[in-house]
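# Model the structure of this input:
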Amino acid sequence: MRRRLTLIVLFALLLPGAAGGSDLVIATWNIAWLTTKPPGHPALPHHHLPRREEDFAALRGYAEALAADVVAVQEIDGPLALARVFDQRAYAFHLTSEADIQRPGFAIRRTLRFRANPDLVALDLAPEARNSLRRGADITVETAAGPLRLLSVHLKAGCARDRLTEPQRFDCVQLARQVPVLAGWIRARESEGIAYAILGDFNRELGPRDDMWRALSEAGTITHANRGRASPCWGGTAFVDHIVLGGPARRWLVPSSLRVLVYRETDREARERLSDHCPVRVTLRPGG
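The predicted structure is shown next:
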């Protein structure tokens with residue numbers, strides 16, 4: 001890789017329990033085509049490998065081990081699918097209001113007070129297309145230090161490293177069109193003066209000189225929680241799942257709290273049956 005990255009590894013069995021006091025653990029997890037639709041359903045890709053009961057059981061175990069208070073999730077086919085992974089007795093669900101089977105959303109611990117905000121509709125550049133892009137899921141969580149606005153995103157794939165300022169490929173053109181939408185959301189939060197975070201699958205490696213990062217950081221004063229680190233997920237790679245903090249939330253970040261839950265399974269089929277993404281989490285200390 002062009003820059004030296006620090007590899008952080010945290011195996012599932014070593015994940016600590018819930019944070020103490022008023023700490024808030026937030027996470028992002030793309031659960032890869034999480035659906036209850038039967039094999040061969042026309043909405044699913046031909047290469048989709050259906051999950052077995054033991055796969056859902058494994059995912060439930062990882063969700064419990066993650067021990068997060070709020071999880072930004074991606075690629076979710078509705079609340080019934082999300083309930084196969086997160087215990088509905090412990091978590092409330094919020095997903096974008098769209099027909100896509102790869103919807104962003106949140107699982108929120110029921111002990112927290114939150115409200116749903118309107119979807120960030122503009123992220124879906126072609127809402128009428130069969131393979132449309134995704135909206136952003138937007139919620140506000142009440143903390144001991146005031147409201148925390150959270151946005152769960154799943155951006156256009158296929159342009160992890162190429163330039164966005166002079167895009168030459170369709171995927172990069174599409175991703176470049178989504179960047180001003182995110183920047184506008186950041187500017188709105190900055191004008192409100194509240195704590196906020198964007199979590200999710202950016203499908204982009206966010207280096208300090210990256211086109212997307214530059215555009216977002218010009219919109220507000222933000223902190224990249226996993227900056228300069230590499231993900232240990234499935235043998236190690238650059239992060240495309242990110243947690244970006246803004247406003248007072250930047251000060252709330254507990255140092256060295258970044259964690260990645262790495263699956264015990266290592267075979268190729270497990271990667272398809274579980275997810276090609278690993279959960280990423282940080283701890284916030286509101287008011288800290």
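# State the distance from A65 to R281.
Separation of A65 from R281 (CB to CB, to the nearest Å) stands at 11 Å. For the C-beta atoms, the positions are set from N, CA and C on the backbone; glycine is no exception.
# what are the ranges of the helices in this structure?
53-66, 79-82, 170-192, 211-219, 249-252, 268-273 (DSSP state H).
# Make JSON lines out of the ones you listed and add distance to R135 and mean pLDDT.
As requested, the helices of the chain are exported to JSON lines (distance: least, CB to CB, whole Å; pLDDT from 0 to 100):
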{"stretch": "helix 53-66", "distance to R135": "23", "mean pLDDT": "97"}
{"stretch": "helix 79-82", "distance to R135": "16", "mean pLDDT": "97"}
{"stretch": "helix 170-192", "distance to R135": "10", "mean pLDDT": "98"}
{"stretch": "helix 211-219", "distance to R135": "18", "mean pLDDT": "97"}
{"stretch": "helix 249-252", "distance to R135": "22", "mean pLDDT": "98"}
{"stretch": "helix 268-273", "distance to R135": "26", "mean pLDDT": "89"}
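# so which of those helices comes closest to D124?
Among those, the nearest to D124 by CB to CB is helix 170-192 (9.2 Å).
# what packs against that closest one?
Contacts defined by 3 or more CB pairs under 8 Å, 6 or more residues apart in numbering; DSSP states H and E place helix 170-192 against strand 146-154, strand 195-201, helix 211-219, strand 241-246.
# Identify the residues contacting the last one?
By CB atoms under 8 Å, 6 or more residues apart in numbering, the surrounding residues in contact with strand 241-246 are 26, 28-30, 186, 189-190, 195-202, 204, 206, 216, 220-226, 231, 252-253, 277-278, 280, 282, 284.
# Just give the nearest non-adjacent residue to the residue nearest the centre of the chain, would you?
Nearest to the geometric centre of the chain sits G200, at 2.1 Å (CA atoms, centre = their mean). Of all residues not flanking G200 in the chain, V153 sits nearest, at 3.9 Å (CB to CB, 6 or more residues apart in numbering).
# Hmm, R134 and that neighbour touching each other?
Yes. At 7.4 Å, V153 counts as touching R134 under the criterion of CB atoms under 8 Å.
# tell me, what's touching those two both at once?
Q74, P104, L123.
# before we move on, back to that, wait, which of the helices of the chain is closest to A92?
helix 79-82 (9.6 Å).
# buried residues in the closest one?
P79, A81, L82 (16 or more other CB atoms under 10 Å).
# Please list the residues outside that helix that contact it.
L34, T35, T36, V73, I76, F93, L95, G105, A107.
# Bridging across strands, which residues link to the last one?
Taking DSSP bridges, one finds V71, F93 as the beta-bridge partners of A107.
# what about it, neighbour count?
A107 has 28 neighbours, counted by other CB atoms under 10 Å.
# hmm, back to that, and A65 and R281? which has more neighbours close in?
Neighbours per residue (other CB under 10 Å) separate A65 from R281, with R281 holding more: 26 against 17.
# Need the winner for burial among the helices and strands packed on helix 170-192.
Comparing these by mean neighbour count (mean count of other CB atoms under 10 Å), strand 195-201 ranks first with a mean of 27.
# Quick check, pLDDT for G17.
Looking at G17, its pLDDT stands at 43.
# can I assume G287 is in contact with A195?
No. The pair G287 / A195 is not scored as a contact, 9.9 Å apart, by CB under 8 Å.
# joint contacts of those two?
Shared contacts of G287 and A195 (CB under 8 Å, 6+ apart): T143, A145, W252.
# Kindly reformat those residues as TSV containing neighbour count and distance to C172.
Compiled in TSV, the shared contacts of G287 and A195 are given as follows (neighbours: other CB atoms under 10 Å; distance: CB to CB, whole Å):
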residue	neighbour count	distance to C172
T143	22	37
A145	18	39
W252	23	33
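# would TSV of those with distance to G158 be doable?
Shown next, in TSV, are the shared contacts of G287 and A195 (distance: CB to CB, whole Å):
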residue	distance to G158
T143	36
A145	39
W252	34
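# Please report the distance of H277 from W29.
7 Å.
# circling back to that earlier point, could you identify which of the helices of the chain is most buried?
helix 249-252 (a mean of 21).
# With just CA atoms, put it into PDB.
Extracted C-alpha coordinates of helix 249-252, given in PDB (Å, rounded to 0.1, in the frame of the first residue of the first chain):
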ATOM      1  CA  ALA A 249     -18.600  14.100  19.100                       C
ATOM      2  CA  ARG A 250     -15.000  14.600  18.000                       C
ATOM      3  CA  ARG A 251     -14.200  15.300  21.700                       C
ATOM      4  CA  TRP A 252     -16.200  12.400  22.900                       C
END
